[in-house]
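Asker: no FASTA, just this:
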């Protein structure tokens, strides 16, 4: 079975990620309206009524804005760790007990042939965690919303066939921008977001021969641009002799448009 995925939306305004096979179809986060999520699925020709479950990374609104309404509309079970469930209380509306499941941090759950591994990230949420997906020798890792990239995270996501990786801000744009200093300090801190430059440095350690696709994700609307993020990462990796455009491709993501559905085949 082919493992397919799409970054449905990514950015400071809303995030959602789809990954699945013929037997299992997973949505990670639902940070947009239910209507917008349905439209995004339509754009990649995936029927949202065929989804099997939703995984949640953390309780910030750009990751759970449409979670309750979308889960109720399509009668989907939701998985999150206990602290995230507590933090989401009152934010997602009424859910039936058979829709609420626990996915502990640093564990693996198997869903119809997809092994999903959860791992901790450093971010200012209750207990934020992201996921690596394993299926028939293929590996896809989703990692955004982190203040810094720990060695443990690098080891967890290294040698992925595809990486969805945070490149949140250009440091100069952030420092010169309109945000108050308290917000800038949060973003630049160990519980904030990864810059373009830090993303490039981390990717240098994470990329292995089997890595063919990198999606730069969670770009700030005010403090970054797709061109800047891509240039920073491509320039650094090219200097380190990675085969950019010759086997290794860098892709943009967007807060309003889904990336083309990618099928990982042998």
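Answerer: Nice, I can see it. The structure displayed is predicted, hence computed values, not measured ones. Numbers count the residues shown, from 1 in each chain.

Asker: which sections of the stretch 51-200 of the chain are below the confidence cut-off?
Answerer: Low-confidence regions of the stretch 51-200 of the chain, defined here as pLDDT under 70, do not occur.

Asker: All the helices of it, in order from the start?
Answerer: Assigned by DSSP state H, counting those that start in this stretch, the stretch 51-200 of the chain shows helices spanning 61-64, 67-74, 82-88, 151-157, 171-176, 181-188, 196-206.

Asker: Redo the ones you listed as a markdown table? Include distance to residue 51.
Answerer: All C-beta atoms are positioned from the backbone trio N, CA, C, and that covers glycine. Listed next are the helices of the stretch 51-200 of the chain as a markdown table, based on distance: least, CB to CB, whole Å:
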| stretch | distance to residue 51 |
| --- | --- |
| helix 61-64 | 16 |
| helix 67-74 | 6 |
| helix 82-88 | 19 |
| helix 151-157 | 24 |
| helix 171-176 | 36 |
| helix 181-188 | 32 |
| helix 196-206 | 29 |
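
Asker: Using TSV, please lay out those together with mean neighbour count and distance to residue 98.
Answerer: Listed next are these as TSV, based on neighbours: other CB atoms under 10 Å; distance: least, CB to CB, whole Å:
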stretch	mean neighbour count	distance to residue 98
helix 61-64	21	19
helix 67-74	20	11
helix 82-88	18	15
helix 151-157	16	31
helix 171-176	15	43
helix 181-188	14	37
helix 196-206	21	38
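
Asker: of all those helices, which lies closest to residue 95?
Answerer: Closest to residue 95 of the helices of the stretch 51-200 of the chain is helix 67-74 (CB to CB; 6.6 Å).

Asker: Span of stretch 103-115 from start to end?
Answerer: 13 Å (CA to CA, to the nearest Å).

Asker: Taking the centroid of this structure, which residue is nearest it?
Answerer: The centroid of the chain falls nearest to residue 142 when counting by CA atoms, centre = their mean (4.3 Å).
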